[in-house]
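Visitor: Generate coordinates for the sequence data below:
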Amino acid sequence: DFALRVCESTAFCIHAILAITEPCTGCLRRYAFREGGDKGGMPHWFWPIAGVLLLIVAAANFSRNEIAIFAAQAYIAAFHSGAVFYHLILGHHPATGCAPGFFVVMAFFVMWIRTAVWVALIVTFVSILVAKGLSSCLVTPPASKDGGRNTRDSYLLGRMEA
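Guide: Alright, predicted model coming up:
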């Protein structure tokens, strides 16, 4: 499982740098995901916090503590399941969920290697449920064609800024 954890942590370090510097660069909101305003998206404070958490998980992934590694894998499954829901809520092409979905599968395999398959399945399923709940709160759907918001607004934790 070491090779899988190296792949995960390498990707997380790269994405953490992008997320932490997001307020200064706009690389994620304006260019990569083209979110904000009528396009919907995440609250402005989300990306730097997510970046710090990704760095913590990248480090925890190499801990000598088995529970820390397992918790990191649960977070990986939840975070990337949330990314799949993010793309679906914003109406992106369904294939955009494949890349984050791959990390959910990797996290499942790392958990399976370290425990029983049923434990890995339950933790992955719970992580997906947590991600679904959080994405319902955090992701603001794009505006509908008539100018209003789609069937639900996700302003529970802050309004989107353009």
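Visitor: all contacts plus neighbour counts: C-alpha atoms, from now on.
Guide: OK.
Visitor: Have a look at this protein and report the helix or strand with the lowest mean pLDDT.
Guide: helix 22-25 (a mean of 84; mean pLDDT, DSSP states H and E).
Visitor: Please identify the buried residues of that one?
Guide: Residues residue 22 are the ones in helix 22-25 that count as buried (16 or more other CA atoms under 10 Å).
Visitor: so what secondary structure elements neighbour it?
Guide: Helices and strands touching helix 22-25, by 3 or more CA pairs under 8 Å, 6 or more residues apart in numbering; DSSP states H and E, are helix 46-60.
Visitor: what are the C-alpha coordinates of the helix it packs on, in PDB please?
Guide: Only the C-alpha atoms of helix 46-60 are listed here, as PDB (Å, rounded to 0.1, in the frame of the first residue of the first chain):
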ATOM      1  CA  PHE A  46     -13.000  26.800   1.500                       C
ATOM      2  CA  TRP A  47      -9.900  26.500  -0.600                       C
ATOM      3  CA  PRO A  48      -7.200  27.600   1.900                       C
ATOM      4  CA  ILE A  49      -8.700  25.500   4.600                       C
ATOM      5  CA  ALA A  50      -8.900  22.500   2.300                       C
ATOM      6  CA  GLY A  51      -5.200  23.100   1.300                       C
ATOM      7  CA  VAL A  52      -4.000  23.000   5.000                       C
ATOM      8  CA  LEU A  53      -6.100  19.900   5.600                       C
ATOM      9  CA  LEU A  54      -4.600  18.200   2.500                       C
ATOM     10  CA  LEU A  55      -1.100  18.900   3.800                       C
ATOM     11  CA  ILE A  56      -2.000  17.400   7.200                       C
ATOM     12  CA  VAL A  57      -3.400  14.300   5.500                       C
ATOM     13  CA  ALA A  58      -0.400  14.000   3.200                       C
ATOM     14  CA  ALA A  59       1.900  13.900   6.300                       C
ATOM     15  CA  ALA A  60      -0.400  11.600   8.300                       C
END
